[in-house]
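only geometry, no sequence info:
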Ligand SMILES: CC(C)(COP(=O)(O)OP(=O)(O)OC[C@H]1O[C@@H](n2cnc3c(N)ncnc32)[C@H](O)[C@@H]1OP(=O)(O)O)[C@@H](O)C(=O)NCCC(=O)NCCS
């Protein structure tokens with residue numbers, strides 16, 4: 001059946017780009033994950049609140065490396081795009097920021113983030129998310145980037161608002177976590193937002 005609306009972005013728009021490093025500010029930047037990032041990944045996946053709000057666990061060093069390697073595969077498949085949030089001073093990974101469930105035909109993606117406990121308290125996720133979304137609008141030409149967080153996760157609500165994502169509403173019983181169904185707040189930034 002013929003399409004009435006052309007895809008907003010063509011297939012191939014992501015993999016045509018080499019994954020860039022993205023400057024956040026004087027202290028932070030985003031860079032592709034590397035094999036040497038195993039320690040912070042292991043730390044993240046054994047941190048209770050990161051485990052609580054994410055869907056997967058990691059079992060052993062092979063899975064840590066697999067998680068790191070999967071980002072390059074996902075970039076080529078144009079399904080997800082993930083960066084390590086690193087300190088500019090020592091290039092140490094302290095968190096992750098990513099575009100999930102990328103839908104080029106709709107020019108949309110969902111943003112996801114975590115920060116290791118030792119690096120919290122400096123609004124790292126909001127700063128990184130804002131810079132990542134700016135790149136997604138200006139270079140990839142996405143139209144809408146949204147995020148979902150459980151209503152039981154107020155820290156993520158603060159990140160969303162500080163990252164420039166106004167709240168749009170609540171999806172009732174939308175996501176199944178290990179402890180049951182959660183109501184989810186939707187926040188989004190549009191490329192046309194100021
Ligand atoms: C959410 C997360 C990324 C924020 O880390 P961060 O960028 O270092 O954020 P900060 O520690 O600077 O806190 C940001 C804001 O949240 C608030 N906050 C932090 N923890 C909170 C908590 N448990 N309850 C309520 N507010 C909290 C802070 O007071 C701060 O608010 P302010 O800017 O108005 O002062 C981090 O807590 C994390 O990795 N959590 C687990 C994973 C997660 O929830 N990911 C998102 C899933 S949707």
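Looks like it came in fine. Note that the structure is a prediction, hence the values are computed from the model and not measured.

who are the packing partners of whichever strand or helix holds residue 76?
Taking DSSP states H and E as the definition, residue 76 sits inside helix 61-77. Secondary-structure packing of helix 61-77 (3 or more CB pairs under 8 Å, 6 or more residues apart in numbering; DSSP states H and E): helix 38-45, strand 81-87. From N, CA and C alone the C-beta is placed, and that goes for glycine too.

and the pLDDT at residue 56?
For residue 56, the pLDDT comes out at 87.

could you pull out the buried residues of the lowest-mean-pLDDT helix or strand in the chain?
Of all helical and strand segments in the chain, the minimum by mean pLDDT, DSSP states H and E falls on helix 48-53, at a mean of 95. Under the neighbour-count criterion of 16 or more other CB atoms under 10 Å, helix 48-53 has 50-51, 53 buried.

and those as TSV, adding distance to residue 99?
Shown next, in TSV, are the buried residues of helix 48-53 (distance: CB to CB, whole Å):
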residue	distance to residue 99
50	18
51	22
53	17
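
give me the buried positions along the helix holding residue 76.
So for helix 61-77, counting by 16+ other CB under 10 Å, buried means 63-64, 67-68, 70-71, 74-75.

secondary structure of residue 112: a strand, I assume?
Yes: under DSSP: H, G, I helix; E, B strand; the rest coil, residue 112 falls within a strand.

in which helix or strand does the residue nearest in space to the middle of the chain reside?
In the chain, the centroid-proximal residue (CA atoms, centre = their mean) is residue 98; its distance is 2.4 Å. Using DSSP H and E, residue 98 sits in strand 93-103.

I am finished for the moment; much appreciated.
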